[in-house]
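Peer 1: coordinates only, no sequence provided:
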């Protein structure tokens, strides 16, 4: 039975069998609704020939989604006490992301970020209240200071984000860049005198679960696009290579991400910050692959008025970025020898070259990704020095 009120005190980093809770899984699921909305608007913008504007809007909206998710995840890893108040405040944060998701279309099409801002404000104020509650129950002065720094930093940033709503449209990308840097500086400042007690295995699991959900959204989006193409345009022959290539890309992405023990990289706060922040690129590119597959489908049936090269690049570029970012963040630390180190960068380059393969581009990219996994497994099997978990 969940208790109404418990002290919100730090959990031990040495806690055994620490796993994601049902509330955290529900939190992730609701956040993917916003990810899907951001991807849908990216598809619309690129298909209409406004790739630059669409990518910029996608990057800004996705940052708000990812940053709110990440801040909650690290807070929960250190302080989740699962009492009634904690659950209620977490549900308020979920409501905030749903408000944000409702405003994505208006932000992308009319450049009106008010609803997105309001949803973000709900999420962030709720989190700040959690930090203040943790400060209230902290017995160590350094910990209390850290919690208050978090709360004040989070609330101060919400004032700054108002500029994104009020500033002239040409200035908004610069406002976003400045405020994103300020947001990312808050945890660094808050924890400069001592880290929160986040749990490495728990953090790695949480990021892995969100990666799975984002990849699942990619599969779902691509499936709906292929189904629509077949039903509305009877274009099975044109869509089969895209469907097969997309499936291979997603399968390979899953394999490559989970092939190494991510928690082994989380041995200090500095490494935790780099690893956690770097996942913006991983999550953004993984979700963009799904959008790219939708674009490729729409172009193949004549619904998107862009070139075959542009449609192919909408799949190959985020796929290559995903492979490179996974390699940079943790895969390279588990490789032995130059051959193993070159598998993922080489595959990323080859996938980019697949952009020029015309209607076979997506299938070619999927085959390259699958080959990268096969080569990684083979190289590992023939090198006894390789850690047994590093097989791609």
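Peer 2: Done, it's in. It should be emphasised that the depicted structure is a prediction, and the values quoted were computed from it without experimental measurement. Numbers count the residues shown, from 1 in each chain.
Peer 1: what helix or strand is residue 7 located in?
Peer 2: Residue 7 is part of no helix or strand when elements are defined by DSSP states H and E.
Peer 1: wait, doesn't it sit right on residue 138?
Peer 2: No - using C-beta atoms under 8 Å, residue 7 is not in contact with residue 138; the gap is 9.6 Å. Heads up, the C-betas are built off the backbone N, CA and C, glycines and all.
Peer 1: more neighbours, the two?
Peer 2: Neighbours per residue (other C-beta atoms under 10 Å) separate residue 7 from residue 138, with residue 138 holding more: 20 against 12.
Peer 1: how close does residue 54 sit to residue 352?
Peer 2: Distance of residue 54 to residue 352, given as C-beta to C-beta, to the nearest Å: 20 Å.
Peer 1: these two: which has the busier surroundings?
Peer 2: residue 54 (21 against 17).
Peer 1: right, and that one touches residue 41 too?
Peer 2: Yes - using C-beta under 8 Å, residue 54 is in contact with residue 41, at 7.0 Å.
Peer 1: and for these two, which residues touch both?
Peer 2: residue 108 (C-beta atoms under 8 Å, 6 or more residues apart in numbering).
Peer 1: give the buried residues for the longest helix belonging to the chain.
Peer 2: In the chain, taking DSSP state H as the definition, the longest helix is helix 200-233. Across helix 200-233, burial judged by 16 or more other C-beta atoms under 10 Å covers 200-211, 213-215, 217-219, 221-222, 225-226, 228-230.
Peer 1: so what's the residue count around residue 44?
Peer 2: Around residue 44 there are 19 residues (other C-beta under 10 Å).
Peer 1: what are the ranges of the helices in this protein?
Peer 2: Under DSSP H, the chain gives helices at 22-47, 51-79, 84-102, 104-110, 114-137, 141-166, 172-190, 200-233, 236-258, 269-300, 308-329, 338-353, 361-381.
Peer 1: tell me which of those helices lies nearest to residue 11.
Peer 2: With C-beta to C-beta as the measure, helix 51-79 is the member of these nearest residue 11 (6.2 Å).
Peer 1: mind listing what's buried in the closest one?
Peer 2: 51, 54-79.
Peer 1: next one: stretch 157-165
Peer 2: 157-158, 161, 164.
Peer 1: next one: the residue nearest to residue 303 when sequence neighbours are not counted from residue 302, what distance?
Peer 2: Spatial nearest neighbour of residue 303, excluding adjacent residues (C-beta to C-beta, 6 or more residues apart in numbering): residue 47 at 7.0 Å. Distance of residue 47 to residue 302, computed by C-beta to C-beta: 11 Å.
Peer 1: higher neighbour count, these two?
Peer 2: residue 47 (22 against 11).
Peer 1: pLDDT at the closest residue to residue 179 other than its chain neighbours, what is it?
Peer 2: Leaving aside its sequence neighbours, residue 179 sits nearest to residue 160 (C-beta to C-beta, 6+ apart; 5.1 Å). Predicted confidence (pLDDT) at residue 160: the value is 93.
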